[in-house]
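Engineer: The sequence isn't on hand, but the structure is:
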């Protein structure tokens, strides 16, 4: 008898849905439980009637798509908007258009 191969075919692999942590936060950081620090916003997309942004988190390997409304009034979103020529989710004189 032969042993079964340890390397499955690509279609048999189960990708890990949760990103792996790559660095720990220092105890001095004042983050509440369930809060994470944004490293940068990489891009945006329209999703249904709303908008999403691709967020690179401090301490996480993979970025995730998050609803734009969750990042409203953050320095990361303000900084990202300065890199755009037009901001599709804002109308003249209005806050974020959520849908």
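Structural biologist: Arrived safely, thanks for sending. A quick note: this is a predicted structure, and the numbers were derived from the prediction, not measured.
Engineer: Look up how far residue 31 lies from residue 79.
Structural biologist: 19 Å (Cβ to Cβ, to the nearest Å). The C-beta positions use only the backbone N, C-alpha and C, and glycine is treated the same way.
Engineer: for residue 86, that is, sorry about that
Structural biologist: 33 Å.
Engineer: Neighbour count: the two, which is higher?
Structural biologist: It is residue 31, of residue 86 and residue 31, that has more neighbours when counted by other Cβ atoms under 10 Å, with 10 against 6.
Engineer: I figured the more buried one hits residue 58, correct?
Structural biologist: No. The criterion here is Cβ atoms under 8 Å, and residue 31 misses it with residue 58 at 9.9 Å.
Engineer: For the longest strand seen in the chain, buried residues please.
Structural biologist: In the chain, with assignment by DSSP state E, the single longest strand is strand 38-47. By neighbour count with 16 or more other Cβ atoms under 10 Å, strand 38-47 contains the buried residues 38, 41, 44.
Engineer: could those residues go into CSV alongside pLDDT and distance to residue 53?
Structural biologist: As requested, the buried residues of strand 38-47 are exported to CSV (pLDDT from 0 to 100; distance: Cβ to Cβ, whole Å):
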residue, pLDDT, distance to residue 53
38, 91, 10
41, 94, 5
44, 94, 5
